[in-house]
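Peer 1: this is the structure alone, sequence omitted:
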């Protein structure tokens, strides 16, 4: 980390099997190397954890958007049906 | 890596490599269309054009050209609307509910089932749109500020809930389908030789590169969208059923409608998936991916939902008698023995009797039998909606208003047109989109591939 002036070698590797890839990723990280990117043709389960990728917060975001949408819907309904144009149907 | 029990049958037959899966999925896109495709496409296009003509006539002249009268003010239009919306439900169930339940047999069929959902919801939307008469004012169904004394849409009406239910359904289905398609479009892009084709797929795939982080996001978004789509499987047809259940027409005003409609929707939807996939697997030689086991699983769903529908029919009859309400009793007696008895008994035969044959393993694994039943079920489900709508309306509370309904050639033309439009879209999809979610399918090759399973079993279960 501190040796920024030294030239850091860039190594590219190709694997033909997803299980070999995962164990390689684990070993390379354990040896102290940084993995900048992994490309795969299909999702490999557990690869993000093996690489140490941060978890996505999209589920939380989706829930917040949902709450926002619900608030808009309820407010609009109240405004239309009760406040702006109440129907005298009793 | 986890291995699957030997008791579980392989989901991918033959000795397939990852590359072979790519080749098999992309073949319909990269090769010229077979003659059968052109014949089917021409027929569908002619039907579609007939529908366009009928719609143009309707808009130009007014909905008086339909066979409706003042007693039966709703007939083929709403029947066809409910029929098409119902068909869409299987796609959502397969892609969302089966994803949450980790059903791996979903992977070979979800792409086409979702396509079917989107195309059938488009057909469904046409009917209420054109029944409005003045289609150019269709935007009035949305709550938008206007100059008519701030006159709003009426949120007390289930017809308005329908607007929101159907538009939400279409939006979520399209997004879910498209997100799944991105990596597969990228696969087609990477293989494309024709520069125009390459460019189109490049735009469609949003610059997908297959980075680990992108896959992580992809899987998370799929899960979130599945969570959003799951309530829609239940809510959309519940709201469609409320179009009827909230009114005071005998035969409509029942609390059983929501679950009964949802079961019927899944029932008819799976039948349509069968019809389409039996053709797709044959024409595009995908028998190794859409296996007999997949067909059997779907037949079991058809059998279960068909039985639920059967129980609902019998419950309706019992409750009509038990309620002690004369009008309710007459409505059901009239359905079975009145002038539309043939529609009622067609419905009973197709929906209650025919799926019971699926108890036989020999029959539910027979492709010709499955194909015939899938069509029979969809005819039956069309009759179900016709029976509910027309037989309840044609005997009004006032006997002097009693009348019959028969469709005009324009209504028939519109219905045939939507079938043509549906198949036009599906046939175009089958030639330009990867019809199997190949990226997803590759994740189960090692555990569920026939050759891979055999290799593993021969070498013992250690890893």
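Peer 2: Received the coordinates, thanks. Given the structure is predicted, the values throughout are model-derived calculations rather than measurements. Residues are numbered from 1 along each chain as shown, chains lettered A, B, ... in the order given.

Peer 1: any idea which residue sits dead centre in chain B?
Peer 2: Nearest to the geometric centre of chain B sits residue B:88, at 2.3 Å (Cα atoms, centre = their mean).

Peer 1: what's the separation between the residue nearest the centre of chain A and residue B:182?
Peer 2: The centroid of chain A falls nearest to residue A:56 when counting by Cα atoms, centre = their mean (2.7 Å). To residue B:182, residue A:56 is 16 Å away according to Cβ to Cβ, to the nearest Å. For the C-beta atoms, the positions are set from N, CA and C on the backbone; glycine is no exception.

Peer 1: then residue A:18?
Peer 2: Distance from residue A:18 to residue B:182, by Cβ to Cβ: 20 Å.

Peer 1: neighbour-wise, which of those two wins?
Peer 2: residue A:18 (21 against 18; other Cβ atoms under 10 Å in any protein chain shown).

Peer 1: OK, contacts around that one?
Peer 2: Neighbouring residues of residue A:18 by Cβ atoms under 8 Å, 6 or more residues apart in numbering or on different chains: A:40, A:44, A:47, B:446.

Peer 1: can you name the residues that contact the residue nearest to the centre of chain A?
Peer 2: B:216, B:217, B:220.

Peer 1: now do residue B:361
Peer 2: Residue B:361 touches residue B:296, counting by Cβ under 8 Å, 6+ apart.

Peer 1: which stretches of chain A have low pLDDT?
Peer 2: A:1-7, A:90 (pLDDT under 70).

Peer 1: apply 50 and report the result again.
Peer 2: Per-residue confidence for chain A (pLDDT under 50) gives these ranges: A:1-3.

Peer 1: domains for it, by residue range?
Peer 2: According to automatic domain parsing, chain A comprises the domains A:1-55, A:56-90.

Peer 1: off-centre distance for the longest one?
Peer 2: To tie it back to what came earlier, the one meant is domain A:1-55. 18 Å (Cα atoms, centre = their mean, to the nearest Å).

Peer 1: can you check the shortest one too?
Peer 2: Relative to its parent chain, domain A:56-90 has a centroid offset of 28 Å by Cα atoms, centre = their mean.

Peer 1: before we move on, what about stretch B:427-436?
Peer 2: The answer for stretch B:427-436 is 17 Å, by Cα atoms, centre = their mean.

Peer 1: which residues touch that stretch?
Peer 2: Residues outside stretch B:427-436 that contact it (Cβ under 8 Å, 6+ apart): B:24-26, B:28-29, B:33, B:37, B:40-41, B:44, B:107-108, B:111-112, B:115, B:119, B:181, B:184-185, B:187-188, B:280, B:283-284, B:286, B:289-290.

Peer 1: tell me the SS of the closest residue to chain A within the stretch 251-400 of chain B?
Peer 2: With Cβ to the nearest Cβ, the shortest gap between the stretch 251-400 of chain B and chain A falls at residue B:289, namely 14.8 Å. What DSSP: H, G, I helix; E, B strand; the rest coil gives for residue B:289 is coil.

Peer 1: what about the spatially closest residue to it that is not a sequence neighbour, distance to residue B:8?
Peer 2: Nearest in space to residue B:289, with sequence neighbours left out and distances taken as Cβ to Cβ, 6 or more residues apart in numbering or on different chains, is residue B:108 at 4.6 Å. Note on residue B:108: its distance to residue B:8, by Cβ to Cβ, is 15 Å.

Peer 1: same check on residue B:296?
Peer 2: 13 Å.

Peer 1: now the helix or strand containing residue B:186: how far from the chain's centre is it?
Peer 2: For residue B:186, the host element (DSSP states H and E) is helix B:158-191. Chain-centre distance of helix B:158-191: 14 Å, with Cα atoms, centre = their mean.

Peer 1: does it come close to chain A?
Peer 2: Yes. Counting by Cβ under 8 Å from any Cβ of the partner chain, chain A is contacted by helix B:158-191 at B:183, B:187.

Peer 1: that helix: what's the following helix or strand?
Peer 2: Downstream of helix B:158-191, the first helix or strand assigned by DSSP H and E is helix B:195-204.

Peer 1: can you tell me the closest non-neighbouring residue to residue B:315?
Peer 2: Using Cβ to Cβ, 6+ apart, the nearest residue to residue B:315 is residue B:256, at 5.9 Å.

Peer 1: contact partners for the one you found?
Peer 2: Residue B:256 makes contact with B:312, B:315, B:316, B:319, according to Cβ under 8 Å, 6+ apart.

Peer 1: which residues does stretch B:130-137 contact?
Peer 2: Outside stretch B:130-137, the residues that reach it (Cβ under 8 Å, 6+ apart) are B:55, B:58, B:59, B:62, B:63, B:77, B:78, B:129, B:138, B:414.

Peer 1: name the nearest residue to the last one, ignoring sequence neighbours.
Peer 2: Nearest in space to residue B:414, with sequence neighbours left out and distances taken as Cβ to Cβ, 6+ apart, is residue B:54 at 4.7 Å.

Peer 1: okay, buried residues for the helix or strand hosting the one you found please.
Peer 2: Assigned by DSSP H and E, residue B:54 belongs to helix B:35-61. For helix B:35-61, a neighbour-count test (16 or more other Cβ atoms under 10 Å in any protein chain shown) marks B:37, B:40, B:41, B:44, B:47, B:48, B:50, B:51, B:54, B:55, B:58 as buried.

Peer 1: beyond it, next helix or strand please.
Peer 2: Taking DSSP H and E, what comes next after helix B:35-61 is helix B:76-92.

Peer 1: just checking, what packs against the worst-scoring helix or strand of chain B on mean pLDDT?
Peer 2: None of the helices or strands of chain B scores lower by mean pLDDT, DSSP states H and E than helix B:450-458, at a mean of 78. If you count contacts as 3 or more Cβ pairs under 8 Å, 6 or more residues apart in numbering or on different chains; DSSP states H and E, helix B:450-458 packs onto helix B:445-448.

Peer 1: in the helix it packs on, what counts as buried?
Peer 2: Here helix B:445-448 shows B:445, B:446, B:447, B:448 as buried, counting by 16+ other Cβ under 10 Å.

Peer 1: what do you get for stretch A:65-85?
Peer 2: A:80, A:81.

Peer 1: all helices of chain A, in order?
Peer 2: Secondary structure of chain A by DSSP state H: the helices cover A:18-30, A:47-51, A:58-78.

Peer 1: so does the second one get close to chain B?
Peer 2: By that I understand helix A:47-51. Yes. Helix A:47-51 is in contact with chain B by Cβ under 8 Å from any Cβ, via A:47, A:48, A:51.

Peer 1: I'd like the residues you listed as JSON lines, with neighbour count appended.
Peer 2: Output for the residues of helix A:47-51 next to chain B, formatted as JSON lines (neighbours: other Cβ atoms under 10 Å in any protein chain shown):
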{"residue": "A:47", "neighbour count": "19"}
{"residue": "A:48", "neighbour count": "21"}
{"residue": "A:51", "neighbour count": "19"}
